[in-house]
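Trainee: Mind looking at a prediction? Sequence and model below.
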Amino acid sequence: MSAMAASGRVVLRELAHQVGGSFGEAADAMYARLTDGPPGGIGWGPADTVAATPDEHRAWRLATRRFQETVVAAERRRAAAQFSLRNRFLPGGARRRALASAHCRAVLGNAVRMYRPVITEIERRRAAEQAERRRRQQELNRRWRERAERDQERRREQSRRHLSVAAQAVWGWTLTERGGTREVWVFRYDVGPGRRSVEVVDRSAEPLTAVGLERRLKALARESRPGRLRCRWDERATMRVARECTVGELVGDFEIWWAAVTHSYWESPYEVPERRRERSGSGGDPGGGDPDPVIPDPVIPGSMGPGPGAGVSPQPGG
């Protein structure tokens, strides 16, 4: 069975198994160097193969076979000398056993010296490939870290742009009524109203910020019968918001922007919350008719927020 993989790589498992078919310390040592582990070990990983040309593969297989044959023959001769009846019971047996062991060690030492260049070259290539794999993995990790840092910075910058766009007083609205249904049309003054209607019953008096617009839309919803107010946005205005909130590859989204800068929970910018949601057991009005509490506008990063005494009424006699 060939140990050469289709991609021009030598499968070390097969060379190691051939060496492992021998016995003795010399074979165990070569096996360990081939497998980078103890004899009989399992768990072959990326170092299971190394690159080699067909000629190198043939030379390695031949050297492995010669090493195996030499080790097997030497160990058999030593075993025969150790367990021979002649050497166990006749005079001079101990000397003959010692000579056989010394001869075996010499043969094995020579076999190891002959086979060591193959093992050394395999170890060198395996170490180089492992180092290259580590380098590629470190480079991949570095790129992923840099990408994550860039993405995080883009998200921070987009959050700043959300607040910056929300602070622009550019929003306006018109209210029309037909057949008992009221419709509010939201637009940006810097883009234009987008449509004209003779059925307008109310309109914004001045440009509003996003927070001011939200308050006015919710007030219109409270003034209307439940389910009778529809909210529509000028598509040019929503596209303008998306462009202004785009940071590099992080594309802006109008609905994400609206959810980020509004104070109440909106299922959609096109569905105005009609009443404030009360927490269970809060003792709020079961009809939900109470207006929302006044919430200060969001603070843009870098600006000074309200002081610790903001919103506190002066005490009489102060």
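Mentor: Received it, and whenever you're ready, just let me know what you need.
Trainee: Tell me the helix or strand right after the helix or strand containing residue 57.
Mentor: Remark: residue 57 resides in helix 54-83, with elements defined by DSSP states H and E. Next in sequence after helix 54-83, counting helices and strands by DSSP H and E, comes helix 85-89.
Trainee: Which strands or helices does that next one pack on?
Mentor: helix 93-166 (3 or more C-beta pairs under 8 Å, 6 or more residues apart in numbering; DSSP states H and E). (C-beta placed from N, C-alpha, C; glycine too.)
Trainee: could you point out which element follows the helix it packs on?
Mentor: strand 171-178.
Trainee: Any buried residues in that next one, and which?
Mentor: The neighbour-count criterion (16 or more other C-beta atoms under 10 Å) identifies 171, 172, 173, 174, 175, 176 as the buried residues of strand 171-178.
Trainee: Surely the third one touches residue 186?
Mentor: Yes - using C-beta atoms under 8 Å as the test, residue 173 is close enough to residue 186 to be in contact (5.1 Å).
Trainee: Spell out which residues are contacts of both of the two.
Mentor: Among the neighbours of residue 173, those also in contact with residue 186 (C-beta atoms under 8 Å, 6 or more residues apart in numbering) are 213, 217.
Trainee: got the contact list for the residue nearest to residue 203 when sequence neighbours are not counted?
Mentor: Here the nearest residue to residue 203 in space, its sequence neighbours aside, is residue 174; by C-beta to C-beta, 6 or more residues apart in numbering that works out to 4.6 Å. By C-beta under 8 Å, 6+ apart, residue 174 lies in contact with 184, 185, 187, 193, 197, 200, 202, 203, 204.
Trainee: what secondary structure does the closest residue to residue 125 other than its chain neighbours sit in?
Mentor: Once flanking residues are discounted, residue 125 sits nearest to residue 50: 4.4 Å by C-beta to C-beta, 6+ apart. Judged by DSSP: H, G, I helix; E, B strand; the rest coil, the three-state class of residue 50 is strand.
Trainee: and residue 50, how many neighbours does it have?
Mentor: The burial count assigned to residue 50 is 21, neighbours taken as other C-beta atoms under 10 Å.
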